[in-house]
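Asks: from the sequence below, what's the structure:
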Amino acid sequence: MEDKKSMYSLRKTIGILGLALPILLLVAHQELLSSMSHYYYTAGGVFFILILSAFGLILINYRGYPKKDGESFSDRLITTVAGICILITVLVPTKSENPLGTLFFTDTPYLFGHQSNSLLGTIHLLSAASFFFLLGYMSFYKFVLNHEASSSKNKLFRRSGIIVWASVGVLIVIFAIEKLLGINMDEILPAYTFWLEWVAVYAFAVAWLVKGRIDKDIQNVIKKLTVPEA
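Replies: Next up, the predicted model:
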């Protein structure tokens, strides 16, 4: 029972941190940048680093359910790889080019921050994309295994996974268009990466909150507030 409570708590923590991330970045820097990753170079960097690091540590320590017959991967394997990917995303930040706003300490950034190193930029992008893909996989394939197929929660989990994947897919298409045509899509769709990342983060955050039984917590709070003590 304690293990289940701990697992529910970890899920809700991921969900709450996910909901808070883009808001804290905007509040801290008070300026819209081209991507969440660019906030690494701003006053919002502390939230970017702390929350993404928390994602990584929680996911690496998350057990989930044991692998069932017919499953290719265990919850633990998927979340561990996702945790490692997001830690790499933190350790190897995005390039500081084309931020659409003000950046700080780009000349001497800590960790492996850089201005235009293509290799490090590619590592950052692949790590972030892998993190999103794996969390989408958790929502779409894993979270549905312990609910009836017709349940409303199953539908929510699958839709969350699809939204995460679709957001990443759209980003990949736009990046490809930029490379092929040699244009900057931020001039046409300002901060498109930031908004698509926000959609993806909120999609998996909601799934983890529901999987953590946040609805039960809300019901308990409402019951305590509305039912008078004897």
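
Asks: got the contact list for the helix or strand residue 48 falls within?
Replies: Using DSSP states H and E, residue 48 maps to helix 45-61. With contacts defined as CB atoms under 8 Å, 6 or more residues apart in numbering, helix 45-61 is touched by 10, 13-14, 17-18, 20-21, 24-25, 28, 36-37, 39-40, 79-80, 82-84, 86-87, 89-90, 131. For the C-beta atoms, the positions are set from N, CA and C on the backbone; glycine is no exception.

Asks: what segments of this protein are helices?
Replies: 2-29, 45-61, 75-91, 118-137, 152-181, 192-211, 214-226 (DSSP state H).

Asks: contacting residues for the residue nearest the centre of the chain?
Replies: The residue lying closest to the centre of the chain (CA atoms, centre = their mean) is residue 201, at 4.2 Å. Contacts for residue 201 (CB under 8 Å, 6+ apart) come out as 18, 21-22, 36.

Asks: angle of the helix or strand bottoming out on mean pLDDT in the chain against helix 2-29?
Replies: Ranked by mean pLDDT, DSSP states H and E, the weakest helix or strand in the chain is helix 214-226, scoring a mean of 81. Angle, helix 214-226 to helix 2-29, by axes from the mean of the first three to the mean of the last three CA atoms, to 10 degrees: 90 degrees.

Asks: elements contacting helix 214-226?
Replies: helix 2-29 (3 or more CB pairs under 8 Å, 6 or more residues apart in numbering; DSSP states H and E).

Asks: quick check: angle from the helix it packs on to helix 118-137?
Replies: Using the same axes, to 10 degrees: helix 2-29 against helix 118-137 is 130 degrees.

Asks: what residues sit buried inside helix 2-29?
Replies: By neighbour count with 16 or more other CB atoms under 10 Å, helix 2-29 contains the buried residues 7-8, 10-19, 21-22, 24-26, 28-29.

Asks: quick one on the thing from earlier: in the least confident helix or strand of the chain, what counts as buried?
Replies: residue 214.

Asks: and what of stretch 38-55?
Replies: Buried-residue list, stretch 38-55, by 16+ other CB under 10 Å: 38-42, 44-45, 47-49, 51-53, 55.

Asks: same question for stretch 167-177.
Replies: 167-168, 171, 174.

Asks: what's next to that stretch, contact-wise?
Replies: So stretch 167-177 is contacted by 125, 129, 132-133, 136, 183, 185, 189, 192-193, 196-197, 199-200, 203 (CB under 8 Å, 6+ apart).

Asks: just among these, which is most surrounded?
Replies: residue 200 (26 neighbours; other CB atoms under 10 Å).

Asks: quick one: it and residue 164 touch, right?
Replies: Yes. At 4.8 Å, residue 200 and residue 164 qualify as touching, with contact defined as CB atoms under 8 Å.

Asks: and residue 226, how far is that from residue 41?
Replies: Between residue 226 and residue 41 the distance is 47 Å, computed by CB to CB, to the nearest Å.

Asks: so what's residue 18 up against?
Replies: Contacts of residue 18 by CB under 8 Å, 6+ apart are 55, 201-202, 204-205, 208.
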